[in-house]
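Enquirer: here is my input; please provide its structure:
(one chain, ligands or ions: 1)
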Amino acid sequence: MKKILITTGGGDCPGLNAVIRGIVKRAATTDYEIWGSIEAFQGILKDPVEIIHLTPDVVAGIHVKGGTILKTTNKFNPLKYPVQTADGKVVYENRINELASKIRDLAFDAVINIGGDGSQRISAELHRLGIPVIGVPKTIDNDLQATDFTFGFQTAVQCATESFDKLVTTAESHNRVMIMEVMGRDAGWIALHTAIAGGAEICLIPEIPYSVEKLVESIEKRFVNGRGFVNIVLSEGAKPIEGEVFGRKGDVGSEHIRLGGVAFELSAALRRSGCQHDIRETILGHIQRGGTPIAFDRVLSTLFGVKAMELVLEKNFGQMVSYRGNEVVSCSLSDATSGSRQVDLDNKMLLLARGLGIEFGD
Ligand code: F6P
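Expert: Okay, the predicted model is just below:
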């Protein structure tokens, strides 16, 4: 039997298990067996290695479950691997060559790496070093190039929209301003989709820095014109004009600052700029990333898994599975990692949202 290694890296995301199951089911009638590395590539870099055999029995029914049975981490990027020195400092080492040779030593014939932009950069590097790799795009942020959707995104939007609907009824009862903060890092896709689905008055995204004065004016208009309450969807990465993104130092070994909490900054800024109404803040956080994937994401993840396995069978390596124009296709890893996908100012959905009267604070 030939052997394929699967990894799930970066933040978890609803649909990861469905991809794993899709790969294993498609492989069942081939001469490939599937192995999973625990905690992304950590399982391979560890001594002894931590890998598990993924048989059809192991993956039966897991498509319904959130998270990943293989566990994940966003701290141990083999390209920038954190190592603690004797004096407590953290230095970074590139362990990609070591990773590639361990994959060869373990006699894997291919690797399917399921992850976001950081993970796909690892895929591209492994491929450059001659490892046959396929990428599968994952992230609730939907910020990967070369795919219309990553799995997990629609589940996050569904969660945010259901929460938004609840906040609308309480905003209406109390005549309040409600700020609901959603994830998305540097991309406003979750906020934009949620604002349209929920019917938000105001949507603040990282791509459009906002004027607090403009927001106070818009809130006031809405109160004067009779609705008497305002619901705001705020991206965690949104920032005021002439302001900074609100974040904290990341975990040791993580490359990113930790976002989250800007709702309280916005609420304080609105008050300082004269907003007299009651304001309440809700930060959805990791609820958006947990739990069972909605049907759309289960379908997408399952098909992504099957497609990844088919690319292996065709020996079409160096590719990332993608979803384009309602079809599951693939693109090169270099296209996939050529930058992140944000909401452009001329994005059609953004323009239509402006047409609906949603205020973006610019
Ligand atoms: O990239 C996915 C994401 O959920 C972002 O939306 C968010 O900023 C980040 O991960 C949170 O990461 P962590 O799980 O490390 O807090």
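Enquirer: tally of neighbours for K239?
Expert: Neighbour count for K239, taken as other CB atoms under 10 Å: 18. Backbone N, C-alpha and C define where each C-beta goes, glycine included.
Enquirer: which residue packs closest to it, ignoring adjacent ones?
Expert: Leaving aside its sequence neighbours, K239 sits nearest to V245 (CB to CB, 6 or more residues apart in numbering; 5.0 Å).
Enquirer: in PDB, list the C-alpha atoms belonging to the longest helix seen in the chain.
Expert: Using DSSP state H to define each element, the chain has its longest helix at helix 153-174. What follows is helix 153-174, C-alpha atoms only, in PDB (Å, rounded to 0.1, in the frame of the first residue of the first chain):
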ATOM      1  CA  PHE A 153     -16.900  30.500   6.600                       C
ATOM      2  CA  GLN A 154     -20.700  30.000   6.000                       C
ATOM      3  CA  THR A 155     -21.000  28.300   9.400                       C
ATOM      4  CA  ALA A 156     -19.400  31.300  11.100                       C
ATOM      5  CA  VAL A 157     -21.800  33.600   9.200                       C
ATOM      6  CA  GLN A 158     -24.700  31.500  10.200                       C
ATOM      7  CA  CYS A 159     -23.700  31.700  13.900                       C
ATOM      8  CA  ALA A 160     -23.100  35.400  13.700                       C
ATOM      9  CA  THR A 161     -26.400  36.000  11.900                       C
ATOM     10  CA  GLU A 162     -28.400  34.000  14.500                       C
ATOM     11  CA  SER A 163     -26.700  35.900  17.300                       C
ATOM     12  CA  PHE A 164     -27.400  39.200  15.500                       C
ATOM     13  CA  ASP A 165     -31.100  38.400  15.200                       C
ATOM     14  CA  LYS A 166     -31.200  37.900  18.900                       C
ATOM     15  CA  LEU A 167     -29.500  41.200  19.600                       C
ATOM     16  CA  VAL A 168     -32.000  43.000  17.300                       C
ATOM     17  CA  THR A 169     -35.000  42.000  19.500                       C
ATOM     18  CA  THR A 170     -33.300  43.200  22.700                       C
ATOM     19  CA  ALA A 171     -32.000  46.400  21.000                       C
ATOM     20  CA  GLU A 172     -35.600  47.100  19.900                       C
ATOM     21  CA  SER A 173     -37.100  46.500  23.400                       C
ATOM     22  CA  HIS A 174     -34.600  48.800  25.100                       C
END
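Enquirer: just checking, next helix/strand downstream of that helix?
Expert: The helix or strand immediately downstream of helix 153-174 is strand 177-182, counting by DSSP states H and E.
Enquirer: contact residues of the stretch 101-250 of the chain facing the ligand?
Expert: Residues of the stretch 101-250 of the chain lying near the ligand by CB under 6 Å from any ligand atom: T139, I140, D141, M183, G184, R185, E236.
Enquirer: what pLDDT is listed against the closest residue to the ligand within the stretch 1-150 of the chain?
Expert: Going by CB to the nearest ligand atom, the ligand is nearest to G11 of the stretch 1-150 of the chain, at 3.9 Å. Per-residue pLDDT puts G11 at 95.
Enquirer: again, but for G253
Expert: At G253, pLDDT is 69.
Enquirer: quick revisit: how about the residue of the stretch 1-150 of the chain closest to the ligand, nearest residue that isn't a chain neighbour?
Expert: Nearest one to G11, counting by CB to CB, 6+ apart, is N74 at 5.7 Å.
Enquirer: kindly report the same for A336.
Expert: In space, A336 is closest to M320, 4.1 Å off (CB to CB, 6+ apart).
Enquirer: for that neighbour, name its beta-bridge partners.
Expert: As for beta bridges, M320 partners with G135, C331 under DSSP bridges.
Enquirer: surely it is in contact with T150?
Expert: No: contact criterion CB atoms under 8 Å: M320 and T150 do not qualify, at 10.5 Å.
Enquirer: what touches both of these two?
Expert: With contacts defined as CB atoms under 8 Å, 6 or more residues apart in numbering, the residues shared by M320 and T150 are P137.
Enquirer: if we can go back for a sec, check contacts around the residue nearest to K239.
Expert: P206, G237, A238, K239, I257, L259, V262.
Enquirer: which pair of those spans the longest distance?
Expert: Pairwise distances among the contacts of V245 were taken by CB to CB; the largest, 14.5 Å, belongs to A238 and I257.
Enquirer: out of those two, which sits in the busier spot?
Expert: Shown here are A238 and I257; by other CB under 10 Å, A238 has more neighbours (30 against 13).
Enquirer: quick one: neighbours of the nearest residue to that one once chain neighbours are set aside, just the number.
Expert: Computed as CB to CB, 6+ apart, the closest residue to A238 that is not its neighbour in sequence is L204, at 4.1 Å. If you count neighbours by other CB under 10 Å, L204 ends up with 29.
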